[in-house]
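**Student:** mind looking at a prediction? Sequence and model below.
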Amino acid sequence: MGKKKIGLIGGGQIGGNLALLCVQKQLGDAVLFDIPQAEGLVKGKALDINQLSAVDGYDCRVTGTTDWKQVAGSDVVIITAGVPRKPGMSREDLLEVNLKIMKDVAANIRTHCPDAFVINVANPLDAMVYALHRITGFKKSQVVGMAGVLDTSRFKCFVADALGCSIRDVEALVLGGHGDDMVPLIRLASVGGVPLTKLLPKEKIDAIVKRTREGGAELVALYKTGSAYFAPAATSIAMAESYLLDRKRVLPCAALLEGEYGIKGCFMGVPVQIGAGGVEKVYELDLSPEERAELEKSFQSVKKTVDSVKL
Ligand code: A3D
């Protein structure tokens, strides 16, 4: 069996880190694709990464290209093609420009990578993955959005820092759209099996929830020229790895809902099982009336953006 092929569409900040992680985790050969104006950038990143392979003896390679034919036949495709936020912008402000890019990218994926498992990262996340699914016409198990793993990872990081404990023992789950009204489930958060509500006062937990919701904006304000990229790359790779290695991890991802959680026809963040079959299962939780109301609010925000997607 040959090595797996991972198509990375967009060779910017996240794309470059994705390529590095593909090699360091020896997941497969990566093809870093971008538009002709960025040919030097992707060829340079590929060469640079390939030259570090000797240090630890990595056998996977990166190719930088502007030719879709080189992406053809990828087992996994991760889309980061698109413009990131600048200070003062909302993710929704990116809709028009990134939808135009998504139309081009999705049509090419349909032609060149019909069997790939496709992970979208471009913002506004839930609307972009909806457009991707509609344009490709792929099965719902084949198309997913990365956001919940990142939002949950941010939440876990803030909890571990507040308690001074190992992040390995923090359990948490953030549901809903990738926006300011995402839903961190406090009731289910725990550390080493102990409920978070027993470990931190309400004000501290509320501050962690707020910081998680504004986690993307915090980085945009610090970087000034773009948005987060190390953590978004790592969390996307966790999803790709679960697919490629059939790990069947249960991760919060934007999946097409067809009645689960009372939602139909929208992609939104819920716990899903990712294995060799792609999105194999959506896990449903019994939510409290308050949690259900918060999820409904998040859904209404996602729906508003999706309704303005003209294909
Ligand atoms: P950036 O470093 O600007 O890279 C984007 C790349 O896409 C650039 O190199 C562009 O040249 C390229 N590109 C533009 N049009 C095309 C096209 N048609 N085909 C191929 N490539 C193209 O951005 P980034 O890597 O920092 O962020 C990429 C996207 O991810 C943005 O939309 C961000 O908003 C989004 N993002 C999402 C999250 C989530 O948690 C969902 C987090 C961080 C960033």
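**Tutor:** Yep, it's here.
**Student:** contacting residues for the residue in the stretch 201-311 of the chain positioned nearest to the ligand?
**Tutor:** Residue nearest to the ligand within the stretch 201-311 of the chain: residue 232 (3.9 Å; CB to the nearest ligand atom). Quick note: C-beta positions are derived from backbone N, CA and C, even for glycine. Shown in contact with residue 232 (CB atoms under 8 Å, 6 or more residues apart in numbering): 14, 80, 121, 146, 150.
**Student:** cool, and residue 157?
**Tutor:** residue 167.
**Student:** C-terminal to the helix or strand where it lies, what's the next element?
**Tutor:** Taking DSSP states H and E as the definition, residue 157 sits inside helix 148-163. Toward the C-terminus, helix 148-163 is succeeded by strand 170-171 as the next helix or strand (DSSP H and E).
**Student:** what lines up beside the next helix or strand along the chain from that following strand in the sheet?
**Tutor:** Counting by DSSP H and E, the next helix or strand C-terminal to strand 170-171 is strand 174-175. Strand 174-175 pairs in its sheet with strand 183-184 (antiparallel), by DSSP bridges.
**Student:** ok, residues contacting the strand it pairs with?
**Tutor:** Outside strand 183-184, the residues within contact range by CB under 8 Å, 6+ apart are 151-152, 155, 172-176, 208-209, 212-213, 291, 294-295, 298.
**Student:** farthest-apart pair in those, please.
**Tutor:** 208 and 295 (19.0 Å; CB to CB).
**Student:** now do the end-to-end distance for stretch 175-184.
**Tutor:** Start-to-end span of stretch 175-184 (CA to CA, to the nearest Å) is 6 Å.
**Student:** buried stuff in the one helix or strand residue 219 maps to?
**Tutor:** Taking DSSP H and E as the definition, residue 219 sits inside helix 215-223. For helix 215-223, a neighbour-count test (16 or more other CB atoms under 10 Å) marks 215-217, 219-220, 223 as buried.
**Student:** now do that helix against helix 148-163, angle only.
**Tutor:** Using axes from the mean of the first three to the mean of the last three CA atoms, to 10 degrees, one finds that helix 215-223 and helix 148-163 are set 80 degrees apart in direction.
**Student:** show me what helix 215-223 is packed against.
**Tutor:** Secondary-structure packing of helix 215-223 (3 or more CB pairs under 8 Å, 6 or more residues apart in numbering; DSSP states H and E): helix 148-163.
**Student:** is any residue of the helix it packs on near the ligand?
**Tutor:** Yes - using CB under 6 Å from any ligand atom, helix 148-163 reaches the ligand at residue 150.
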